[in-house]
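Q: my questions concern the predicted model and sequence given below.
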Amino acid sequence: MKILSFANQKGGEGKSALTKLAAGALSMAPFNLKVLVIDADTQGSIIAHRNRDIATLGEDYEFPYAVEFSFPDKLPELITKLKKEREYDIIFVDMPGRGYGDDINTLLSCLDVAIVPIAKGDEDADASLDFLENLKRHNEVRVRAKYPKLELYILYNKFDNTSNAKASVEIFEAIKEDFGITKQILFLPLREDFQNYSPKTNTSILLELKGKKGHKEDTYEAFYEICKFIKKRII
């Protein structure tokens, strides 16, 4: 079992949406993994969404993946309990929209894998660079404590072919090894398929797009490759 998060200290990078999309896809065909999402954002958007679905679909509805809420300071205790129970193949932790200070460091200490979604734009790049510096320091602490390093990966989210987007990629490709990142995942396109798709807790973006032609086919392939990448991280 691995603990994974789409993590960034900046809001608006797609952390919660990616969490729900990936959890739905990996818990259903063709992956069929046992997935838990822990909503560690004090705003509780994922747990609120699940509660609305329960109100609509009923208490007996079998959701493809489970959802729990945890305050950041309670997460280590919950993770320890879940690791002993070994009920899930993968646990996603949904991080706060904006994370700083002790809470973010507590959350990071619980993770095995952090995928940093980076969107185009100078402001996004600066905030993401700050966060990567924080992750680098976090891994230095892990090394001194003789604890396995946090696996770090970059996901270029909401990507298009504009010069602004390409400039962001060039920045991070040039410096990623300084932060212990030797491999990017993939680009996720800025597509209406994601903008118009509501990542409900009982649906999968892969099932929605499979077999569709045109740009929908490209979007399907991109997200399918990311799901395969995540699955490899937990074997």
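A: Structure's in. What do you need?

Q: skipping its backbone neighbours, what lies nearest Leu18 in space?
A: Leaving aside its chain neighbours, Leu18 sits nearest to Phe6 (4.5 Å; criterion: C-beta to C-beta, 6 or more residues apart in numbering). Glycine gets a C-beta too; all of them are placed from N, C-alpha and C.

Q: that neighbour - how many residues pack around it?
A: Neighbour count of Phe6, defined by other C-beta atoms under 10 Å: 24.

Q: give the bridge partners for it, please.
A: Phe6 forms beta bridges with Ile115, as assigned by DSSP bridges.

Q: isn't it right up against Ala23?
A: No: counting by C-beta atoms under 8 Å, Phe6 does not reach Ala23; the two are 10.5 Å apart.

Q: joint contacts of these two?
A: Phe92 (C-beta atoms under 8 Å, 6 or more residues apart in numbering).

Q: picking up where we left off before, give me the distance between the residue nearest to Leu18 and Gln184.
A: According to C-beta to C-beta, to the nearest Å, Phe6 stands 14 Å off from Gln184.

Q: gap between the lengthiest strand in the chain and the chain center?
A: What stands out as the longest strand in the chain, according to DSSP state E, is strand 151-159. Its chain's average C-alpha position is 9 Å from that of strand 151-159, according to C-alpha atoms, centre = their mean, to the nearest Å.

Q: so what strands line up beside it?
A: strand 113-118 (parallel), strand 184-189 (parallel).

Q: deepest-packed of those strands, please.
A: strand 113-118 (a mean of 24; mean count of other C-beta atoms under 10 Å).

Q: OK, contacts around the residue nearest to Leu18?
A: Counting by C-beta under 8 Å, 6+ apart, Phe6 touches 13-15, 18-19, 22, 92, 94-95, 115-117, 155.

Q: again with Pro72
A: Taking C-beta under 8 Å, 6+ apart, one finds 40, 42, 96, 103-104, 106-107 in contact with Pro72.

Q: top of these by neighbour count?
A: Ala40 (28 neighbours).

Q: is that residue in contact with Pro76, as I believe?
A: No: counting by C-beta under 8 Å, Ala40 stays clear of Pro76, with 10.9 Å between them.

Q: burial count for the nearest residue to Ile205 once chain neighbours are set aside?
A: In space, and not counting its chain neighbours, Ile205 is closest to Leu21: 5.0 Å by C-beta to C-beta, 6+ apart. The number of residues packed near Leu21 is 24, by other C-beta under 10 Å.

Q: just to be sure, Leu21 is in a strand?
A: No: counting by DSSP: H, G, I helix; E, B strand; the rest coil, Leu21 falls outside a strand, being helix.

Q: you'd agree it is up against Tyr220?
A: No: the criterion here is C-beta under 8 Å, and Leu21 misses it with Tyr220 at 11.9 Å.

Q: now do the end-to-end distance for stretch 62-70.
A: Using C-alpha to C-alpha, to the nearest Å, the end-to-end distance of stretch 62-70 comes out at 22 Å.

Q: chain center to it: distance?
A: With C-alpha atoms, centre = their mean, you get 15 Å for stretch 62-70.

Q: need the residues that contact that stretch.
A: Residues contacting stretch 62-70 (C-beta under 8 Å, 6+ apart): 23-24, 26-28, 34-40, 44, 46-47, 50, 53, 78, 88, 201-202, 204.
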